[in-house]
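Q: My questions are about this predicted structure, shown below with the sequence.
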Amino acid sequence: MKLPRAKKSLGQNFLVDESYARRIVRALGPKADETVIEIGPGRGALTELLVGAAGRVLAVEYDRVLVALLRGRFGGRADFELVEADALSIDYCAAICPAQVARVVANLPFNISTAILQRLIGQRGCITEMTLMLQREVVERITAPPGGGERGYLSVFVEGYCEAEALFDVPPGAFRPVPKVWSTVARLRPRPTPAFEVGDAALLWRIVSAGFAQRRKTIFNNLRSAPADLLPRVEAAGGAGTLLDAAGIEPRRRAETLTLDEWAALTRALE
């Protein structure tokens, strides 16, 4: 049977190296009494190893050609369920019913991997763990500590809601077509409660976003030129300098040096 070709418009790079597929599934460790969500199963490299190991595999695929392929391969199985949907719009907590929680495994498309990650974190109430293959540079960002050059908004966001660790790298040759970058498999476990204490989480993320707006600028200069939805609050608090002083943050520092606790302190000073 001729396999469907990858679509560049969907950011598809199919995993074809079985040894890495097995390694990913071993890292996940599927259990016979759980629901596993697989996002973007593609041609079924991971799916083939998941069915029979997990109690239920809920595969989310957007590409109609791949949906037909997956239905042909796994559609007759009682432990396999295929959802034809956009991974950026699906309600995962509703999709896994009657299960209340599930774990996620995915080889995420490069072009929307960050957006899917943020959506999964947004539905962390029903997701207990994520084993995700991402571009190596994305994993470097989400695991970057304060002071690291890779640290940015995504680093702080992920740290706020998850414990994240890089597991192992996957070379370009493990995919077809062969991408120009390496991939890394990472494990993220949502925290029982966020790792920050603020009254307004939405305000926290607006401040973090403003802080990283111009990476070469100091936190003082970025807050002084904050977006229109935030600047009036900064000015009402006495301006960027007064706000930073209240939070105990030296104004000449750059955003990547701030800890999550310092971002939270800055938010509380503005609440």
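A: On my side now, so go ahead. Given the structure is predicted, the values throughout are model-derived calculations rather than measurements.
Q: Now do the helices in the stretch 1-150 of the chain.
A: Here the stretch 1-150 of the chain has its helices, by DSSP state H, counting those that start in this stretch, at 18-28, 47-50, 64-74, 92-95, 113-122, 136-142.
Q: so which of those helices gets nearest Pro172?
A: Nearest of the helices of the stretch 1-150 of the chain to Pro172, taken as C-beta to C-beta: helix 136-142 at 10.3 Å. The way it works is simple: take the backbone N, C-alpha and C, and place the C-beta from them, glycine included.
Q: In TSV: the helices of the stretch 1-150 of the chain, plus distance to Leu58, mean pLDDT and mean neighbour count.
A: Putting the helices of the stretch 1-150 of the chain into TSV (distance: least, C-beta to C-beta, whole Å; pLDDT from 0 to 100; neighbours: other C-beta atoms under 10 Å) gives the following:
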stretch	distance to Leu58	mean pLDDT	mean neighbour count
helix 18-28	14	98	17
helix 47-50	10	98	21
helix 64-74	12	94	17
helix 92-95	6	97	16
helix 113-122	13	95	18
helix 136-142	24	96	20
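Q: Any chance of those helices in a markdown table with distance to Glu81 as columns?
A: As requested, those are arranged in a markdown table below (distance: least, C-beta to C-beta, whole Å):
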| stretch | distance to Glu81 |
| --- | --- |
| helix 18-28 | 18 |
| helix 47-50 | 11 |
| helix 64-74 | 9 |
| helix 92-95 | 9 |
| helix 113-122 | 18 |
| helix 136-142 | 28 |
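Q: Nearest to Thr218, out of these?
A: Of these, the one closest to Thr218 (C-beta to C-beta) turns out to be helix 136-142, at 21.0 Å.
Q: which other helices and strands contact the helix or strand just after that closest one?
A: As assigned by DSSP states H and E, the chain's next helix or strand after helix 136-142 is helix 153-161. Applying 3 or more C-beta pairs under 8 Å, 6 or more residues apart in numbering; DSSP states H and E, one finds that helix 153-161 contacts helix 113-122, helix 136-142, helix 201-211, helix 260-270.
Q: The closest residue to Arg56 other than its chain neighbours: neighbour count?
A: Spatially, and ignoring its direct neighbours in sequence, Arg56 is nearest to Thr35 (4.6 Å; C-beta to C-beta, 6 or more residues apart in numbering). Here the count is done by other C-beta atoms under 10 Å, and Thr35 has 23 residues near it.
Q: Wait, Thr35 touches Ala99, no?
A: Yes: the pair Thr35 / Ala99 is scored as a contact, 4.2 Å apart, by C-beta atoms under 8 Å.
Q: which residues do these two both contact?
A: Common contacts of Thr35 and Ala99, defined by C-beta atoms under 8 Å, 6 or more residues apart in numbering, comprise Arg56.
Q: before we move on, back to that, out of the helices of the stretch 1-150 of the chain, flag the one nearest Pro227.
A: So among the helices of the stretch 1-150 of the chain, helix 113-122 is nearest, using C-beta to C-beta, at 18.7 Å.
Q: Now do that closest one and helix 153-161, the angle between them.
A: 20 degrees (axes from the mean of the first three to the mean of the last three C-alpha atoms, to 10 degrees).
Q: Which strands and helices lie in contact with helix 113-122?
A: With 3+ C-beta pairs under 8 Å, 6+ apart as the test, helix 113-122 has strand 127-135, helix 136-142, helix 153-161, strand 183-190 packed against it.
Q: Any idea which of these gets closest to Leu82?
A: strand 127-135 (19.2 Å).
Q: the inter-axis angle of that closest one versus helix 18-28?
A: 150 degrees.
Q: And strand 127-135, what does it pack against?
A: So strand 127-135, by 3+ C-beta pairs under 8 Å, 6+ apart, packs with helix 18-28, strand 102-107, helix 113-122, strand 162-170, strand 183-190.
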